[in-house]
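*Asks:* predicted model, plus sequence, below.
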2 protein chains.
Amino acid sequence: MPTPFDFSVTRVDGAARAGVLTTPHGVVETPAFMPVGTRGAVKALTGRDLDDLAVQILLANTYHLFLRPGDELIARAGGLHAFMAWDRPILTDSGGYQIFSLATLGQVTEEGVRFRSHLDGAEHLLTPELAADIQLRLGSDIAMVLDELAAAGVPAADQRAAMERTLRWAHRGRERFLVVRDAGARHGVTVSNPGQAQFGIVQGGIERGLREASVAGTLAVGFEGYAIGGLSVGEPVPVMYDVVGYTAPLLPADRPRYLMGAGMPDDLVECVARGVDLFDCVLPTRNARNGWLFTRRGRLAIKNARYAEDWGPPDPECGCYTCRHVSRAYLRHLFLAGEMTAATLNTLHNLYFYLDTMRRVREAIVFGTFEKFRHEFRQTFSRQSPP
Amino acid sequence: MPTPFDFSVTRVDGAARAGVLTTPHGVVETPAFMPVGTRGAVKALTGRDLDDLAVQILLANTYHLFLRPGDELIARAGGLHAFMAWDRPILTDSGGYQIFSLATLGQVTEEGVRFRSHLDGAEHLLTPELAADIQLRLGSDIAMVLDELAAAGVPAADQRAAMERTLRWAHRGRERFLVVRDAGARHGVTVSNPGQAQFGIVQGGIERGLREASVAGTLAVGFEGYAIGGLSVGEPVPVMYDVVGYTAPLLPADRPRYLMGAGMPDDLVECVARGVDLFDCVLPTRNARNGWLFTRRGRLAIKNARYAEDWGPPDPECGCYTCRHVSRAYLRHLFLAGEMTAATLNTLHNLYFYLDTMRRVREAIVFGTFEKFRHEFRQTFSRQSPP
């Protein structure tokens, strides 16, 4: 018997929650940030780096792994944990987001999404059922149901249609998930992780009525946890905060809440304040590769000439490997020289910053000082360059 | 007072030697392989990776560091050790090799080599004196004197002329080195490592007479150690072994011998058998980035379809991080996906293989079983794919 999926809120401070998520591959203390391991690896890092960073849970992309090396191959490897030699929790997305952002075609019908692979142009049809099957083969600890992401700024009618289709897909995806998880062999699916949980996704753009309808419909299907999707897609930051602010409280208090694809460090703090437990975002890793380093005071562009002879660490208050060992001047040199080591050192730093921010958030919630923390964070952290 | 440079041979087994090299930044047990940290970093690795690999000594490239970030900047950082946060020994080359292989122009006159930077086309003149100054600013533990590398296959007269110019440059480079090391301020040079040693370089192509003359002339100048240069530049392997075989014994028994730029794992074993103590080569790191993995039985191309579902480690006999954690199938996937993590994992493996080979070589010498080791190595290691 696999460890049953479980979630319990251990402390609340205002709307902010500290909790413990239990999965077949161990526990996750929430609020938690999930680094993105797109194709079975966090870019520029090895598993040992993730160990050293004390990463609790990773996100991996179903779309990428489905196309290469393939979910069937990963199932034969014993699942994604065995394949990538990572024995702690993994969440996989449904694949939908990448179809809309990377693949071509992206033809949505009631059946599913027809798309062409960005790798070889091959045509595929991703249905809610297939999205469930692929993730059951991957064997992540948390699978996401397939949703339809309406493009930002589409008319309200299209936004509503996408939200309603997402609900119909949620029914289909949930049904398939439950049937196959418990009897995969009968359906030709190798179930790599019989303890897998599945989260539903609330859509509805930035219309409160649509979000409310989406929550109601998604809860009616019933999942182990709930995500807020369709944000961080270009809407103004206050609008995102607003949507999260009225959506999160509608979700069950005893289930984990996951805000998909957000965000900047202050977004995480602000959305924890609105009741979110889980986050993922490519920002810390992608910014690292592009030479942007997060610090408590702001985000610095390491290529800037002002750092050419700056012998101090990226962030004097940071305890990461990079800050304990190397200078801004050295990182600038490696970045300008195009050394891969720059990507590794910057990624170690940025992920540490995100994970450490979440640890401090959690500690503040546990000590009942979250509002003070939030205020101070807002005072010191800037999206611009530090002074 | 810095630790004085020292070398002592502790055991001999035939012509093979086990020794201890003492530098201002610690000791190196020889025979030793020096990973290449071209621009102040071993490609795809961090300092912690080098710690874990138990790397004893690194090589860094004077040409690259001179152009970017510049030797003056590195001197202001406190030297290369401080700049790259590496506190164990470093050897720097003279810059000559890269001028001939990367830069354009490469006009040799008696004064030095005039070249254009491969980065921005700026014209520079590298003289034996400047090569010494740059390396004194970098503060490596071992500096190399500037030599002229004759292109492979040039007429014997040109080969002789290059060898003789190398000797005249050796005089100039040595004189400058000794004067500036002990009174840098008077010459406008920040001496980052007052305990730096300098090695001479024997040239002469594949002509025994030229090599003998080069040895005699270089010994007459007198250095802390001696390198054999101008090999691994395209000549047949048996010819390289032959040149090393008659050149190494002409060098003083109590000084370290360094074969520059070699080679494949079996080259290292064969050249230890001929009396060489130090090696450097980009093969393990460059091969790693290109998806070639060294194993005790041969070199495998990880992209090969035969590894698509090979769940075993790259080398079942290897104790490196990569082999202890991931499969050939996973490495193949990462490599085909173009993930930087593939370069890191492959580099960790290949460097471990080289370093471990040298540890086994040394142990065999100490136990007086080197010939047996060499024989077995030749029997099992193949430059082709393993069976």
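*Replies:* Received the coordinates, thanks.

*Asks:* what secondary structure does residue A:262 sit in?
*Replies:* coil (DSSP: H, G, I helix; E, B strand; the rest coil).

*Asks:* what about it, neighbour count?
*Replies:* 20 (other Cβ atoms under 10 Å in any protein chain shown). Yep, even glycine has a C-beta here, placed from its N, CA and C like the rest.

*Asks:* repeat that for residue A:174.
*Replies:* Neighbour number of residue A:174 under other Cβ under 10 Å is 19.

*Asks:* touching, it and residue A:200? I think so.
*Replies:* Yes - using Cβ atoms under 8 Å, residue A:174 is in contact with residue A:200, at 7.4 Å.

*Asks:* okay, and the common contacts of the two?
*Replies:* Common neighbours of residue A:174 and residue A:200 (criterion: Cβ atoms under 8 Å, 6 or more residues apart in numbering or on different chains): A:145, A:221, A:222, A:223.

*Asks:* and the third one, how many neighbours?
*Replies:* Neighbouring residues of residue A:222 were enumerated by other Cβ under 10 Å; the total is 14.

*Asks:* which of the helices or strands spans the closest residue to it other than its chain neighbours?
*Replies:* Of all residues not flanking residue A:222 in the chain, residue A:174 sits nearest, at 7.2 Å (Cβ to Cβ, 6 or more residues apart in numbering or on different chains). Using DSSP states H and E, residue A:174 maps to helix A:156-182.

*Asks:* please apply the same query to residue A:258.
*Replies:* Using DSSP H and E, residue A:258 falls in strand A:257-259.

*Asks:* so which elements touch the helix or strand just after that strand?
*Replies:* Counting by DSSP H and E, the next helix or strand C-terminal to strand A:257-259 is helix A:265-272. Packed against helix A:265-272 by the contact rule (3 or more Cβ pairs under 8 Å, 6 or more residues apart in numbering or on different chains; DSSP states H and E) you find helix A:237-247, helix A:340-366, helix A:370-380.

*Asks:* and the angle from the longest one to helix A:265-272?
*Replies:* What separates the directions of helix A:340-366 and helix A:265-272 is an angle of 30 degrees, with axes from the mean of the first three to the mean of the last three Cα atoms, to 10 degrees.

*Asks:* ok now helix A:340-366, how far from the chain's centre?
*Replies:* 15 Å (Cα atoms, centre = their mean, to the nearest Å).

*Asks:* how close does the closest residue to residue A:341 other than its chain neighbours sit to residue A:337?
*Replies:* In space, and not counting its chain neighbours, residue A:341 is closest to residue B:41: 4.1 Å by Cβ to Cβ, 6+ apart. Residue B:41 sits 8 Å away from residue A:337, going by Cβ to Cβ, to the nearest Å.

*Asks:* tell me, what's touching these two both at once?
*Replies:* By Cβ under 8 Å, 6+ apart, no residue touches both residue B:41 and residue A:337.

*Asks:* the more surrounded of those two?
*Replies:* Between residue B:41 and residue A:337, residue B:41 has the larger neighbour count (other Cβ under 10 Å), namely 26 against 19.

*Asks:* wait, isn't that one in contact with residue B:84?
*Replies:* Yes - at 6.6 Å, residue B:41 and residue B:84 qualify as touching, with contact defined as Cβ under 8 Å.

*Asks:* adjacent strands (with direction) for the helix or strand residue A:33 falls within?
*Replies:* For residue A:33, the host element (DSSP H and E) is strand A:32-34. Strand pairing for strand A:32-34, determined by DSSP bridges: strand A:278-280 (parallel).

*Asks:* what are the buried residues along whichever helix or strand comes after the strand it pairs with?
*Replies:* Next helix or strand after strand A:278-280 toward the C-terminus (DSSP H and E): helix A:283-289. The neighbour-count check on helix A:283-289 (16 or more other Cβ atoms under 10 Å in any protein chain shown) flags A:283, A:284, A:285, A:287, A:288, A:289 as buried.

*Asks:* so the third one sits against residue A:37, correct?
*Replies:* Which is residue A:285. No - applying Cβ under 8 Å, one finds residue A:285 not in contact with residue A:37, separated by 9.1 Å.

*Asks:* sorry, back to before: what helices or strands is the strand holding residue A:258 leaning on?
*Replies:* Of the remaining helices and strands, those touching strand A:257-259 by 3+ Cβ pairs under 8 Å, 6+ apart are strand A:225-228, strand A:278-280.

*Asks:* who does that strand pair with, and is each partner parallel or antiparallel?
*Replies:* Short version: by DSSP bridges, strand A:257-259 pairs with strand A:225-228 (parallel), strand A:278-280 (parallel).

*Asks:* quick one on the thing from earlier: list the contacts of the residue nearest to residue A:222.
*Replies:* With Cβ under 8 Å, 6+ apart, residue A:174 has these contacts: A:145, A:198, A:200, A:221, A:222, A:223.

*Asks:* how near is it to chain B?
*Replies:* 30 Å (Cβ to the nearest Cβ, to the nearest Å).
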